[in-house]
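Novice: coords please:
(4 chains)
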Amino acid sequence: MSAIRVAIETCPLAPARALGDDGASGARVVFSGQVRDEQGKVQALFLEHYPGMTEAAMENIARAAQQRWPVNLIEIIHRVGELAVGDEIVRVTVCAAHRQAAFEACAFLMDVLKSEVPLWKKVLSGGVWHWVEARDDDARAAARWRAP
Amino acid sequence: MSAIRVAIETCPLAPARALGDDGASGARVVFSGQVRDEQGKVQALFLEHYPGMTEAAMENIARAAQQRWPVNLIEIIHRVGELAVGDEIVRVTVCAAHRQAAFEACAFLMDVLKSEVPLWKKVLSGGVWHWVEARDDDARAAARWRAP
Amino acid sequence: MSAAPAATVEVRFFAALRERAGVDRLTVTPPAPALVSVAALCDWLAGQTPQLGRALGDTPRRMVAINEVLATMDSALRDGDVVALFPPVTGG
Amino acid sequence: MSAAPAATVEVRFFAALRERAGVDRLTVTPPAPALVSVAALCDWLAGQTPQLGRALGDTPRRMVAINEVLATMDSALRDGDVVALFPPVTGG
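Specialist: Now for the predicted structure:
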């Protein structure tokens, strides 16, 4: 039985829980994205989302991963609102019997999250807020998961 | 400046620490391997190692990863001795500026750890201890990182 | 020939496009040709106010969701749809 | 012609091979031909006692480390080397 949990959080993420002892998952891969300071140039980050759709989109990509890899648990937690340097922006956890599925599903989830889930970053730098531009790299990373 | 930490532990691993706020690492990938119960067939695990060489081999693979990917921190912690179902066997943490390097370095470390680091698993099943056989899958997984 | 019945769509803007448009949602009743595609709706919207025209012009790369599901600029619209327009997403 | 000077190597066994051999380390002084390669040393060891012969025969897939560094069955040995023999590793 494979479970999906998604959440939008407005407060700093709690540390990752200890491993559950479901006994079936030999492998857990956790990706954490955090606010980089870019050599001191970044003072803060703001994350805008589309309430309702953001959560639905996170569930959609989790279901897509679930159909593609034999995984036991997928959890996606994303911060929104204002974040400080070092804060976790996103945490994606995938538990599976074997590591290959856990690694691939987690990398897939991050790639598609960055190209399909309605979230937008704004950076405070030199006292001025500006929107982050989407990176072509991220579009390419997402494209590699599409059927040839 | 890229750091390497390796450790052999004989006690249950402490929960992963909160993210450090070095500010340079936007991405952290953590792999945790834990003892599966194999539908109740496994009662315990025992990990044998080669004191001295095991740690040196973990450092070697970490240095190899460090040379191959732009990473800021690599931590490899491996349990030895007797473990219970659900216990963490290994935890590999890779921090990097970008997620691709963190994912690849972490997957690489697990693959080469499973084929090059002197550690051997013994399983208690049905009241009898038996040694785990190396899997061809793991040898193939390690081989994919070698130069063509 | 009678006119097509009026169709109302809710338009939502996010992130840089929301700031440039100076508004986060609009309820509009565009003429039928503006409903054949999201692209047509955007063209129609751009003609409604100078600020909207500039906001859309300044955000040439756009994504769209219809009723909270990602869609494309070719997607047709129906009465009651919620159309969200936004710059390429940058979460994660 | 004088005999080659005696070379002493420490042999260590791990995991299933250690259990089968019934010993975890041996200090041996094999004849020079047994030092041309790890494979030659293994052949020589296998002839030393029936249990060692069976242990090595029952562990046909083996890895080797010389002085705590992975080596191959072709690697030559020198006086003072620590040669560790073990089944394929299964950590992680």
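Novice: switch to C-alpha atoms for all contacts and neighbour counts from now on
Specialist: Noted.
Novice: whichever residue of chain C sits closest to chain D: what's it in contact with?
Specialist: Residue nearest to chain D within chain C (CA to the nearest CA): residue C:92, separated by 28.7 Å. The neighbourhood of residue C:92, defined by CA atoms under 8 Å, 6 or more residues apart in numbering or on different chains, consists of A:33, A:78, A:89-90, A:110, A:113-114, A:119.
Novice: ok, residue A:52 next?
Specialist: Residue A:52 touches residue C:68, counting by CA under 8 Å, 6+ apart.
Novice: helix/strand/coil for the residue minimising distance to the centre of chain A?
Specialist: With distances taken as CA atoms, centre = their mean, chain A has residue A:90 as the residue nearest its mean C-alpha position (4.4 Å). Taking DSSP: H, G, I helix; E, B strand; the rest coil as the rule, one finds residue A:90 in the strand state.
Novice: and if you look at residue A:4?
Specialist: Applying three-state DSSP: residue A:4 is strand.
Novice: could you find the closest non-adjacent residue to it?
Specialist: Spatially, and ignoring its direct neighbours in sequence, residue A:4 is nearest to residue A:74 (4.9 Å; CA to CA, 6 or more residues apart in numbering or on different chains).
Novice: rewinding a little: between the contacts of residue C:92, which is nearest residue B:24?
Specialist: residue A:33 (11.4 Å; CA to CA).
Novice: how close does the closest one sit to chain D?
Specialist: Look at residue A:33 and chain D: by CA to the nearest CA, to the nearest Å, they are 25 Å apart.
Novice: again, but for residue A:3
Specialist: The value you get for residue A:3 to chain D, if CA to the nearest CA is used, is 25 Å.
Novice: the nearest residue to that residue once chain neighbours are set aside bridge partners, please.
Specialist: Nearest residue to residue A:3, sequence neighbours excluded (CA to CA, 6+ apart): residue A:73, at 4.8 Å. Per DSSP bridges, residues listed as beta-bridge partners of residue A:73: residue A:3, residue A:95.
Novice: number of residues surrounding residue A:73?
Specialist: The tally of other residues near residue A:73 (other CA atoms under 10 Å in any protein chain shown) stands at 19.
Novice: same question, residue C:61
Specialist: Count around residue C:61 with other CA under 10 Å applied: 11.
Novice: roughly how far apart are residue C:80 and residue C:37?
Specialist: Note on residue C:80: its distance to residue C:37, by CA to CA, to the nearest Å, is 15 Å.
Novice: between these two, which one's more packed in?
Specialist: Neighbour totals were compared for residue C:80 and residue C:37, and residue C:37 leads with 17 against 13 (other CA under 10 Å).
Novice: now do the same contact list for residue 71.
Specialist: Because you didn't say which chain, this covers chain A. Applying CA under 8 Å, 6+ apart to residue A:71 gives the contacts A:2, A:94-97, A:101-102.
Novice: that answer is for a different chain, and I need it for chain C
Specialist: Going by CA under 8 Å, 6+ apart, the list of residues near residue C:71 reads C:63-65.
Novice: can you check residue C:31 too?
Specialist: C:6-7 are the contacts of residue C:31 under CA under 8 Å, 6+ apart.
Novice: so which other helices or strands are in contact with the helix or strand that residue A:60 is a member of?
Specialist: Residue A:60 belongs to helix A:53-68 when assigned by DSSP states H and E. Identification of packing neighbours for helix A:53-68 by 3 or more CA pairs under 8 Å, 6 or more residues apart in numbering or on different chains; DSSP states H and E yields strand A:3-9, strand A:71-79, helix A:99-116.
Novice: let's have those in a markdown table, adding mean pLDDT.
Specialist: A markdown table is the format used below for those (pLDDT from 0 to 100):
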| stretch | mean pLDDT |
| --- | --- |
| strand A:3-9 | 95 |
| strand A:71-79 | 96 |
| helix A:99-116 | 97 |
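Novice: where exactly do the helices run in chain C?
Specialist: C:15-21, C:38-46, C:50-57 (DSSP state H).
Novice: near chain A, which residues of chain C show up?
Specialist: Within chain C, the positions near chain A by CA under 8 Å from any CA of the partner chain are C:14-16, C:68-70, C:88-92.
Novice: let's see it at 6 Å
Specialist: Selection of chain C residues close to chain A by CA under 6 Å from any CA of the partner chain yields C:68, C:88-92.
Novice: and stretch A:32-48, what's buried?
Specialist: A:32-37, A:42-48 (16 or more other CA atoms under 10 Å in any protein chain shown).
Novice: nearest to chain D among those?
Specialist: Looking across the buried residues of stretch A:32-48 and measuring by CA to the nearest CA, the closest to chain D is residue A:32, at 21.6 Å.
Novice: check contacts around the closest one.
Specialist: Residue A:32 makes contacts with A:90-91, B:27-28, as judged by CA atoms under 6 Å, 6 or more residues apart in numbering or on different chains.
Novice: any weak-confidence spans in chain A?
Specialist: A:1, A:18-22, A:148 (pLDDT under 70).
Novice: okay, now residue C:29: neighbour count?
Specialist: 15.
Novice: which one is it nearest to, not counting chain neighbours?
Specialist: residue C:8 (4.4 Å).
Novice: also residue C:38?
Specialist: Spatially, and ignoring its direct neighbours in sequence, residue C:38 is nearest to residue C:73 (4.8 Å; CA to CA, 6+ apart).
Novice: check residue C:47 too.
Specialist: Nearest non-adjacent residue to residue C:47 (CA to CA, 6+ apart): residue C:53, at 6.0 Å.
Novice: before we move on, the earlier item: how about a markdown table for the contacts of residue A:71, with neighbour count added?
Specialist: Converted to a markdown table, the contacts of residue A:71 look like this (neighbours: other CA atoms under 10 Å in any protein chain shown):
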| residue | neighbour count |
| --- | --- |
| A:2 | 12 |
| A:94 | 30 |
| A:95 | 32 |
| A:96 | 24 |
| A:97 | 20 |
| A:101 | 22 |
| A:102 | 29 |
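Novice: that older thread, residues contacting the residue nearest to residue C:29?
Specialist: Shown in contact with residue C:8 (CA under 6 Å, 6+ apart): C:28-29, C:79-80.
Novice: which of those sits closest to residue C:47?
Specialist: Nearest to residue C:47 among these, with distances taken as CA to CA, is residue C:28, at 12.8 Å.
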